[in-house]
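>>> Sequence plus predicted model, see below.
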There are 2 protein chains.
Amino acid sequence: MFREHGFEGASLSLLGARTGLGKGSLYHAFPGGKVEMAEAVLDAIEAWFETRIYAPLREGADPHAAIRRMLRETDAYFRSGGRICLVGAFALTEGRDRFGDRIGRYFAVWCDSLADALHRSGVGTREAAELAEEAIAAIQGGLVLARATRDSATFGRILVRLEGRLIPAGTGAAR
Amino acid sequence: MFREHGFEGASLSLLGARTGLGKGSLYHAFPGGKVEMAEAVLDAIEAWFETRIYAPLREGADPHAAIRRMLRETDAYFRSGGRICLVGAFALTEGRDRFGDRIGRYFAVWCDSLADALHRSGVGTREAAELAEEAIAAIQGGLVLARATRDSATFGRILVRLEGRLIPAGTGAAR
DNA sequence: GTCTATAAAGCGATAGAC
DNA sequence: GTCTATCGCTTTATAGAC
């Protein structure tokens, strides 16, 4: 609901209707109200990315395989651009001030984990950091563009081109 | 105000305080209320980009110079990432349904104009279209990342790397 | 053209019955 | 643990004085 309506747009009435719970029940589970609900969502997102994307990037024996896995998981998670990134949307709007620490951490850890994998694949430290930053920006921008143009093919094209930059042809194991 | 607070966040009270006008005056100028105000803002943005960025891309005699101008104007307009893109923010949130046509046009015209310049600089038609799409995504993603990390250097780095991809070294006139 | 006053609706949040 | 009823506040929007 936060992803579809934004933090302010996801009213307690909508949240109640969607969960099938009354306001009393929602406040029983989340005494901190809507802010606490959003924090729980952001924590769940962070845990998902840590397990499925960040950890494999840092710990995978084959960095190129980990990067390809990241691109595959990313495409699936965002439904090929049909779904936006809640953290990115919060970063651009109201949520930035309220959830700034979680938003900053989401992108910082992603960048650092990807830079780590790139470095282990043979890229220099500084170039790895810049390339990682460029990759995260490409993904976030691809989501904006896909959503704006309503073109379901946009996000896929962006990811394919991104893979070409992260894993130059002729490098590492065959796909 | 829409850029800083979002469409829903920019309440008539805030808009009145910032403009120094009462609600009656605001409704006198914009009978359609907040929606009409946002449409006027989006129209002004579209006109600005058309004049300063899109038209030069399509009509400039030197396509590389037009692309460099686009990057320079973009950096200035978004204050090196200190300012976000209202159209991109609307695309990710509530505004998408209300202003979908204007949002779609903003990105479509930008992509087409840039692809036109790239094509005239010697890039193949299809590659020009994909490269343009990649560039707009890099800019939008760079804004998301800059805003999320609060790092004022992020956006500049993204634009520098982008220029390297749009204007490969050794191509065209010297900078 | 700008203002104040007000209407009607929705918001987040709370209280208390069950 | 879930519900209904309600509080206090803010929202968009309108009416009408000046």
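It's in.
>>> Let me see the ranges of the strands in chain A.
Counting by DSSP state E, one finds no strands in chain A.
>>> and the residue of it nearest DNA strand D?
Here chain A gets closest to DNA strand D at one residue, A:Gly24, 1.5 Å apart by CB to the nearest atom of the strand. Where C-beta positions appear, they are placed from N, C-alpha and C, glycine not excepted.
>>> Tell me the predicted confidence for that residue.
Listed pLDDT for A:Gly24 reads 95.
>>> contacting residues around it?
A:Gly24 makes no contacts at all, as judged by CB atoms under 8 Å, 6 or more residues apart in numbering or on different chains.
>>> if you average pLDDT over the lengthiest helix in chain A, what comes out?
If you go by DSSP state H, chain A has its longest helix at helix A:125-149. Across helix A:125-149, the average pLDDT comes to 98.
>>> Touching the helix or strand of chain A with the lowest mean pLDDT from outside, list them.
In chain A, no helix or strand scores lower on mean pLDDT, DSSP states H and E than helix A:95-98, which sits at a mean of 88. The contact list for helix A:95-98 (CB under 8 Å, 6+ apart) reads A:Gly6, A:Phe7, A:Val35, A:Ala38, A:Ala89, A:Phe90, A:Ile103, B:Arg147, B:Ala148.
>>> With just CA atoms, put stretch A:29-42 into PDB.
These are the backbone C-alpha positions of stretch A:29-42, laid out as PDB (Å, rounded to 0.1, in the frame of the first residue of the first chain):
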ATOM      1  CA  ALA A  29      -0.200  -4.200  16.500                       C
ATOM      2  CA  PHE A  30       1.600  -0.900  15.800                       C
ATOM      3  CA  PRO A  31       1.200   1.500  18.800                       C
ATOM      4  CA  GLY A  32       3.400   4.000  16.900                       C
ATOM      5  CA  GLY A  33       0.700   4.300  14.200                       C
ATOM      6  CA  LYS A  34       1.500   4.700  10.500                       C
ATOM      7  CA  VAL A  35       5.100   5.700  11.100                       C
ATOM      8  CA  GLU A  36       5.800   2.400  12.900                       C
ATOM      9  CA  MET A  37       4.000   0.500  10.100                       C
ATOM     10  CA  ALA A  38       6.200   2.100   7.400                       C
ATOM     11  CA  GLU A  39       9.300   1.400   9.500                       C
ATOM     12  CA  ALA A  40       8.300  -2.300   9.700                       C
ATOM     13  CA  VAL A  41       7.900  -2.300   5.900                       C
ATOM     14  CA  LEU A  42      11.300  -0.700   5.300                       C
END
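>>> can you tell if the longest helix of chain A touches chain B?
Yes: using CB under 8 Å from any CB of the partner chain, helix A:125-149 reaches chain B at A:130, A:133-134, A:136-145, A:147-149.
>>> got the residues of chain A near chain B?
Near chain B, when you scan chain A using CB under 8 Å from any CB, you find A:5-6, A:8-9, A:84, A:87-89, A:91-94, A:96, A:100, A:103-104, A:106-108, A:130, A:133-134, A:136-145, A:147-150, A:154, A:157-158, A:161.
>>> counting contacts, what elements does the longest helix of chain A pack onto?
Under the contact criterion of 3 or more CB pairs under 8 Å, 6 or more residues apart in numbering or on different chains; DSSP states H and E, helix A:125-149 touches helix A:86-92, helix A:100-120, helix A:154-166, helix B:86-92, helix B:100-120, helix B:125-149, helix B:154-166.
>>> between those helices, which gets nearest to A:Asp75?
A:Asp75 sits nearest to helix A:154-166 of all the helices and strands packed on helix A:125-149, at 5.6 Å, using CB to CB.
>>> Pull out the buried positions in that closest one.
With burial defined by 16 or more other CB atoms under 10 Å in any protein chain shown, the residues of helix A:154-166 counted as buried are A:Thr154, A:Phe155, A:Arg157, A:Ile158, A:Leu159, A:Arg161, A:Leu162, A:Glu163, A:Leu166.
>>> Report the contact partners of the last one.
Pointing back at A:Leu166 there. Here A:Leu166 is in contact with A:Ile67, A:Leu71, A:Leu118, A:Leu131, A:Ala135 (criterion: CB under 8 Å, 6+ apart).
>>> how many neighbours does the third one have?
The burial count assigned to A:Leu118 is 25, neighbours taken as other CB atoms under 10 Å in any protein chain shown.
>>> how near is the closest residue to it other than its chain neighbours to B:Arg150?
Once flanking residues are discounted, A:Leu118 sits nearest to A:Ala128: 3.9 Å by CB to CB, 6 or more residues apart in numbering or on different chains. According to CB to CB, to the nearest Å, A:Ala128 and B:Arg150 sit 22 Å apart.
>>> Please apply the same query to A:Gly6.
21 Å.
>>> who's more crowded, the two?
A:Gly6 (25 against 14).
>>> which one is the more buried one nearest to, not counting chain neighbours?
B:Thr93 (4.5 Å).
>>> and what of A:Tyr77?
A:Tyr77's closest residue in space is A:Arg83 (CB to CB, 6+ apart), at 7.4 Å.
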